[in-house]
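Asker: heads up, no residue letters with this:
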């Protein structure tokens, strides 16, 4: 072990750390309460350093877990026992904003919101905006194929990645594609890397497509007396031909707990409000947006809603979005919990919600549900509350299997935007049969024959 | 050979054909003048039959070339010598249009335009529209990752494929993903299959995302005195924040030849018109579209254009689009030609055009250029004209290498939407280094260890 640290110290000096506090700090991401200490934390600053680290680890069969801001929710960035934590935090430069071609070339350690704001200054728009956008890295977004509220209109991370520079397990450096909007040249290595959770290569440069930045948006908060009706309204809005730029669902408790967590009670949540929809439209023409809102309101008339809040100022919009973005943290602050990131075709959302509640009754758990209703992506927070450890650790796994089995039978899958990582890999057999899993593992073998890149993630051994 | 045909006859009866006329018919696609006779033509009607055919071919190391409507332009559907031509033409049913989730499940042998019209009846929109949309199959579009004029606003085939049923080389049948808009569950096998030109599996079912169908569009034809200015205007329109639904470039000769080919001379092409842009905007609000057109016109004022034609009726729109769609056929009818499908970042288009012309002067070829200027995808038709066979077969390869090398140095690549197939594989080393090519070939080996699926395509042996 000392030999390895000696090599790394020689290569990157004090950017190789192995003191206890640093090891603790890099032993986890935001997934539940799992911690695994790495051998050491490496913070390379150049592609060449990454290449030399990987070549060394490959030769020595030393596991490497690439890390962004460690905000992930499936344990993708939790180190492998005895392995190296490879933090990309020093890759924090936006290399070029190409206004002529609407593209940006960036390093992976740039905070997503920083990137968004930098391109916005040029009138350009990078839409994917995970709840953690203020702290997560764009490289982590690429690795987990992150989404966020705007995905419903604008797509997820994969829809913006044009080209990647990656370092392979043996230290080779390649570009996966080209800086173009259309590409029919060989296999799509770019899309194979997006969402591969650091198991196929280490991303060192990212070329993203950008859009013109919308100049206006409107935001509505709609209280429903029935959570099921709120879900049904989502599909009804789409059937009307409207594509909102955000369509978020929050169960009553999600909102209440977030109010307690933030201390912001400016929204009145009545005892009869089972759920809320937060609906945003955006574009370039305020009058058109107003027409879209009117169309949405006419759809909502078919449902039983309480008084609709129309955000009147940017400050009020910020408050509403902040409430929505903080639900995850708020739930976490209340209890030990597990978060499932289920995704189904959006019309199946009411059925998914009632499945969750009925499983809760059978297995004795309480759940708080919220998420991106527009694209059928429901975050299900299962609260430990008064469950015994035995129930929590054993029975719940059975309940989650039942839940995922149902989700897959509805045309859905295990994760919409959080990834599989460490904590969901035991359920991969529900989404994929043996043949598909064998194909994926064989692809992993092609890229990483010694299994050094983020081993133990996505697949059961 | 008789043994093989005996097996196939037993399996699918008269849908195994080996008469001379059928073999001739299935010996080519629309690529130049290349013909290779298959051993036989198989037209299975069920997934089970495809599975049994592949399992047999795999066991007997018999090459299989999957075929759609054989309208491809890179030779992807040209049979391997002595191999089986696997025509998917009987897989011609649209299985389900899901209006609630804006999805369609279809078999691969449905004509793209038929699919578009079927979903349009439900108010839904499948945007990718290759020039051959009236005859090409949606399965071929998936295999080649086809684009078309609307790609600039709406993306290409890959952006709509949610899930695929495929038959692997050994006859196993898998689904690659799920019917959802967001997916962070394992490696993206779906996007690996899209654009893989029948070399990794045979697509038997396709689930596509749909959009609400726009209800209005406007179309402008803009004559430029300078082709370079026409290219420059493209980037200028985008910099203004406008995303047209079509932005097509046609060199003077492209339009003249097409007029001769179609006999439709309703557009006046003056001797001074070096190039035209065909610009479409679409959406749901006619007034907004008119505003967008005015914005475009204000951008065009910076350039020297002749009188702009604003299409006044659906008939006139059809005429203009038909002229654009028939350019390829028109050029083909005039001379032996080679078509390159170069793609660059759109701002580099003027430089690409002048590179082409300057190579033409050096190597003595004439070229007709047209294509999807909005996404930097320029189709370069190189005309044999008075070149000797020696020049055509030898010198031209050198010229094309120079062209592609330049394209790649500009951040572009070999093919935007036609694929690599048979005729471009000799240039793959320009777009990808050895490491990347080895990765791709190893992926091929994972899916198809006996190399029976469309062998000889994409990669040099």
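Answerer: Sure, I can see it. Source: prediction; values computed, not measured.

Asker: what helices or strands is the helix or strand of chain A with the lowest mean pLDDT leaning on?
Answerer: Across the helices and strands of chain A, mean pLDDT, DSSP states H and E gives its lowest value to helix A:327-334, namely a mean of 87. Applying 3 or more Cβ pairs under 8 Å, 6 or more residues apart in numbering or on different chains; DSSP states H and E, one finds that helix A:327-334 makes contact with helix A:252-262, strand A:337-343, strand A:366-372, strand A:377-383. Where you see a C-beta, it was placed from the backbone N, CA and C, and this is true even at glycine.

Asker: what are the buried residues along it?
Answerer: Along helix A:327-334, these residues count as buried under the neighbour rule (16 or more other Cβ atoms under 10 Å in any protein chain shown): A:327-328, A:330-332, A:334.

Asker: and the residues you listed, which is closest to chain B?
Answerer: The shortest gap between chain B and any of those belongs to residue A:328, at 15.8 Å (Cβ to the nearest Cβ).

Asker: hmm, that closest one is touching residue A:341, no?
Answerer: No - counting by Cβ atoms under 8 Å, residue A:328 sits too far from residue A:341 to count as a contact (10.8 Å).

Asker: so what's in contact with these two at the same time?
Answerer: Both residue A:328 and residue A:341 are contacted by A:73, A:379, under the criterion Cβ atoms under 8 Å, 6 or more residues apart in numbering or on different chains.

Asker: how about residue A:280, secondary structure?
Answerer: Counting by DSSP: H, G, I helix; E, B strand; the rest coil, the backbone at residue A:280 sits in strand.

Asker: bridge partners for it, pull those for me.
Answerer: Note on residue A:280: beta-bridge partners by DSSP bridges are residue A:219, residue A:246.

Asker: what's the answer for residue A:175, then?
Answerer: Counting by DSSP bridges, residue A:175 is bridged to residue A:165.

Asker: need the contact list for it.
Answerer: A:163-165, B:436.

Asker: may I ask which of the residues you listed has the most neighbours?
Answerer: residue A:164 (25 neighbours; other Cβ atoms under 10 Å in any protein chain shown).

Asker: my guess is that one contacts residue A:192, does it?
Answerer: No - assessed by Cβ under 8 Å, residue A:164 is found out of contact with residue A:192, at 9.9 Å.

Asker: shared neighbours, those two?
Answerer: residue A:176.

Asker: I'd say residue A:134 and residue A:111 touch.
Answerer: Yes - the criterion here is Cβ under 8 Å, and residue A:134 meets it with residue A:111 at 7.0 Å.

Asker: who's more crowded, those two?
Answerer: The residue with more neighbours, out of residue A:134 and residue A:111, is residue A:111; 19 against 14, by other Cβ under 10 Å.

Asker: identify all contacting residues around stretch A:109-124.
Answerer: With contact meaning Cβ under 8 Å, 6+ apart, stretch A:109-124 is reached by A:68-69, A:88-94, A:97, A:99, A:102, A:104, A:106, A:125-126, A:128-130, A:132-139, A:141, A:210-213, B:241.

Asker: now the buried members of those.
Answerer: A:68-69, A:88-89, A:91-92, A:97, A:99, A:102, A:104, A:106, A:125-126, A:128-130, A:132-133, A:135-139, A:141, A:210-213, B:241.

Asker: tell me which of those fall in strands.
Answerer: Counting by DSSP state E, the part of these found in strands is A:97, A:104, A:106, A:125, A:211-212.

Asker: could I get those as TSV with pLDDT and distance to chain B?
Answerer: Output for those, formatted as TSV (pLDDT from 0 to 100; distance: Cβ to the nearest Cβ, whole Å):
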residue	pLDDT	distance to chain B
A:97	98	13
A:104	98	12
A:106	98	15
A:125	97	10
A:211	95	7
A:212	93	4
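
Asker: determine which two of these are furthest apart.
Answerer: Between any two of these, the greatest separation by Cβ to Cβ is 18.9 Å, found for A:106 and A:212.

Asker: wait, residue A:331 sits on residue A:368?
Answerer: Yes - the pair residue A:331 and residue A:368 qualifies as a contact (Cβ under 8 Å) at a distance of 5.5 Å.

Asker: need the residues touching each of the two.
Answerer: A:254, A:257, A:381, A:383.

Asker: what's the closest of those residues to chain B?
Answerer: Chain B lies nearest to residue A:381 out of those, by Cβ to the nearest Cβ, at 17.6 Å.

Asker: next, count neighbours for the closest one.
Answerer: 25.

Asker: what's the answer for the one 3 residues further on, then?
Answerer: Counted with other Cβ under 10 Å, the neighbours of residue A:384 add up to 17.

Asker: OK, contacts around it?
Answerer: By Cβ under 8 Å, 6+ apart, the contact set of residue A:384 is A:335-337, A:392.

Asker: chain neighbours aside, what residue packs nearest to it?
Answerer: residue A:336 (4.0 Å; Cβ to Cβ, 6 or more residues apart in numbering or on different chains).

Asker: my guess is the one you found meets residue A:33, correct?
Answerer: Yes - using Cβ under 8 Å, residue A:336 is in contact with residue A:33, at 6.8 Å.

Asker: settle it for me: which of the two has more neighbours?
Answerer: The neighbour count for residue A:336 versus residue A:33, taken as other Cβ under 10 Å, is higher for residue A:336 (13 against 8).

Asker: any idea how far that one lies from chain B?
Answerer: Applying Cβ to the nearest Cβ, to the nearest Å, the value for residue A:336 to chain B is 24 Å.

Asker: same check, this time on residue A:138
Answerer: To chain B, residue A:138 is 16 Å away according to Cβ to the nearest Cβ.

Asker: please apply the same query to residue A:159.
Answerer: 7 Å.

Asker: excluding sequence neighbours, find me the nearest residue to that residue.
Answerer: Closest to residue A:159 by Cβ to Cβ, 6+ apart is residue B:159, at 6.7 Å.

Asker: and for residue A:18?
Answerer: residue A:40 (4.2 Å).

Asker: give me the neighbour count for that neighbour.
Answerer: So residue A:40, with other Cβ under 10 Å, has 22 neighbours.

Asker: isn't residue A:219 up against residue A:315?
Answerer: No - under the criterion of Cβ under 8 Å, residue A:219 is not in contact with residue A:315, lying 11.6 Å apart.
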